[in-house]
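Participant: the sequence and its predicted three-dimensional model are supplied below.
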Amino acid sequence: MKPINTEQNATEEKLYTKAISIVDTGRQKIVEAIYSESTKSYYLLGKLIVEEEQGGQAKAEYGKQVVEGLAKRLTLRYGRGFSKSTLKDCRSFYQKYDLGKSQSLTGELNFRLSFTHYTYLIRLDNEEMKFYEQYAIDNRLSVRALQKAVQNFVIARVTEGSKALSTTEIKPKDIIKDPYILDFLGLDESQHTDEKVLEHKLVEHLEKFLLELGRGFAFVGRQYRLTVSEDSFYADLVFYNIPLKSYVIIELKTRKLQHQDLGQLQMYVNYFDQEIKDINDNDTIGILLCRDKNEKVVEYTLPKNNKQIFASKYKLYLPSKQELEDELEEQMMLNGIETKTNKENT
């Protein structure tokens, strides 16, 4: 017999999660409509400048005159927002952006980010620009969050060996990062942190933590009570991933992972699968978020066909690009994926 309070809690959380999805989707469509029209106007300004410059005789000097003259007149008419640097960004935006990718099925220009997003994106190389544009759309990133994602070298951490998020055939392993970067917590890497403090900080900075987790995560609760007969257990953090239609349990360990930790998490996952999730939910996912881990301990503890339990490290500082690349390569080697280093050594 299922505990009544647990069933009621789960039902309320599912209703809340679905309500969030409806409201957020509606608001996002409004934002995207505003972005589309506003960004399109800057794109067309860039097109106008490029076409005018191409019609001039001495292109470099004439182009400078076009931008300076237009900036002055537009600023007099509309005020701020049309400086020389802005119009140069408009020009670069038009020149670099993939026109075909910005068009809808009807042939209309359809931008889903603000012009400020694109002024940052056009400074990246083509591959990174395409990746981070889609990443920003999928995760609804602000410009500041987009800049942070680039600095964190997210392109190397999102799905091992893959550089794009897919909305089709997504698997649990596709949402897992290793490591998770928690530099926004303001905790000292050199000092030991109590697990309760780490949990409190993550909830305090929940919006930033959701961003680091990735797309489609909704917060369900902290210290989620699991009642087994007369015994009670508490899962540190519980989320629901909307694209996967799965509950995600995160257990925190501010020390090196031990095999017993994975057994504890496995019990929580099994409980959710049997007592909480309904017929429309997929299998529950468990993430053991730890200070450090021995990959072999993880390998020998979890079954070979494991698709639900994952162990990831966290870092309280922003690693260098080289550190993240090394971390990614190590993870790829452990999963039997050929790396650039492997190729060079063969």
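Facilitator: Nice, I can see it.

Participant: could you use CA atoms for every contact and neighbour count after this?
Facilitator: Fine.

Participant: got a list of what V150 touches?
Facilitator: When contacts are counted by CA atoms under 8 Å, 6 or more residues apart in numbering, V150 touches Y132.

Participant: buried sites along the helix or strand harbouring it?
Facilitator: V150 is located in helix 143-151, with elements delineated by DSSP states H and E. Under the neighbour-count criterion of 16 or more other CA atoms under 10 Å, helix 143-151 has 143, 145-147, 149 buried.

Participant: K313 in helix, strand or coil?
Facilitator: Assigned with DSSP: H, G, I helix; E, B strand; the rest coil, K313 falls in the strand class.

Participant: mean confidence for the helix or strand hosting V50?
Facilitator: Here V50 is covered by helix 4-54, with elements defined by DSSP H and E. On average, the pLDDT along helix 4-54 is 77.

Participant: all helices for the stretch 101-250 of the chain, in order.
Facilitator: 115-121, 126-139, 143-151, 195-204, 206-213 (DSSP state H, counting those that start in this stretch).

Participant: and the angle for the longest one with helix 206-213?
Facilitator: By that I understand helix 126-139. 130 degrees (axes from the mean of the first three to the mean of the last three CA atoms, to 10 degrees).

Participant: helix 126-139 packs against which elements?
Facilitator: Applying 3 or more CA pairs under 8 Å, 6 or more residues apart in numbering; DSSP states H and E, one finds that helix 126-139 contacts helix 115-121, helix 143-151.

Participant: picking up where we left off before, out of the buried residues of helix 143-151, who's nearest E13?
Facilitator: Closest approach to E13 among the buried residues of helix 143-151 (CA to CA): A145, at 27.6 Å.

Participant: ok, that closest one - contacts?
Facilitator: Taking CA under 8 Å, 6+ apart as the definition, A145 has no contacts.

Participant: circling back to that earlier point, could you single out the most deeply buried of the helices of the stretch 101-250 of the chain?
Facilitator: Neighbour counts (mean count of other CA atoms under 10 Å) averaged over each of those peak at helix 115-121, with a mean of 19.

Participant: which strands and helices sit next to that one?
Facilitator: In this structure, helix 115-121 packs against helix 4-54, helix 84-96, helix 126-139, helix 143-151, with contacts taken as 3+ CA pairs under 8 Å, 6+ apart.

Participant: out of those helices, flag the one nearest Q266.
Facilitator: helix 4-54 (19.0 Å).

Participant: number of residues surrounding I20?
Facilitator: For I20, the neighbour count with other CA atoms under 10 Å is 13.

Participant: measure it to S114 for me?
Facilitator: Here the criterion is CA to CA, to the nearest Å. By it, I20 lies 23 Å from S114.

Participant: do the same with F82
Facilitator: From F82 to S114 the distance is 15 Å (CA to CA).

Participant: again, but for H192
Facilitator: 41 Å.

Participant: go on, D283?
Facilitator: Plainly put, D283 is 37 Å away from S114 if you go by CA to CA.

Participant: give me the number of residues near Q260?
Facilitator: There are 10 residues near Q260, going by other CA under 10 Å.

Participant: how about E51?
Facilitator: Residue neighbour count, defined by other CA under 10 Å, stands at 12 for E51.

Participant: I287 - that's part of a strand, no?
Facilitator: Yes. Under three-state DSSP, I287 sits within a strand.

Participant: looking at it now. What's its pLDDT?
Facilitator: Predicted confidence (pLDDT) for I287: 95.

Participant: from what I can see it touches K307, true?
Facilitator: No. At 11.3 Å, I287 does not count as touching K307 under the criterion of CA atoms under 8 Å.

Participant: so between these two, which is more surrounded?
Facilitator: Taking I287 and K307 together and counting by other CA under 10 Å, I287 has the greater number of neighbours (23 against 15).

Participant: who's in contact with the more buried one?
Facilitator: Going by CA under 8 Å, 6+ apart, I287 touches 248-251, 265, 309-312.

Participant: tell me the one of those residues nearest I181?
Facilitator: Of the contacts of I287, the one sitting nearest to I181 (CA to CA) turns out to be S312, at 10.7 Å.

Participant: of H192 and S114, who's got more company?
Facilitator: Between H192 and S114, S114 has the larger neighbour count (other CA under 10 Å), namely 20 against 11.

Participant: separation between the residue nearest to that one when sequence neighbours are not counted and D24?
Facilitator: Using CA to CA, 6 or more residues apart in numbering and skipping the chain neighbours, the partner closest in space to S114 is Y35 (5.0 Å). Distance, Y35 to D24, using CA to CA: 16 Å.

Participant: repeat for L265
Facilitator: In this view, L265 and D24 are 31 Å apart by CA to CA.

Participant: and L113, by the same measure?
Facilitator: For L113, the distance to D24 - CA to CA - is 16 Å.

Participant: what residues go with each domain of the chain?
Facilitator: As given by automatic domain parsing, the domain ranges for the chain are 37-111, 168-345.

Participant: lowest-confidence stretch among the ones you listed?
Facilitator: Looking at the domains of the chain, the bottom one is domain 37-111 with a mean of 75.

Participant: end to end, how far does that domain reach?
Facilitator: 8 Å.

Participant: ditto for stretch 171-185
Facilitator: One end of stretch 171-185 sits 29 Å from the other (CA to CA).
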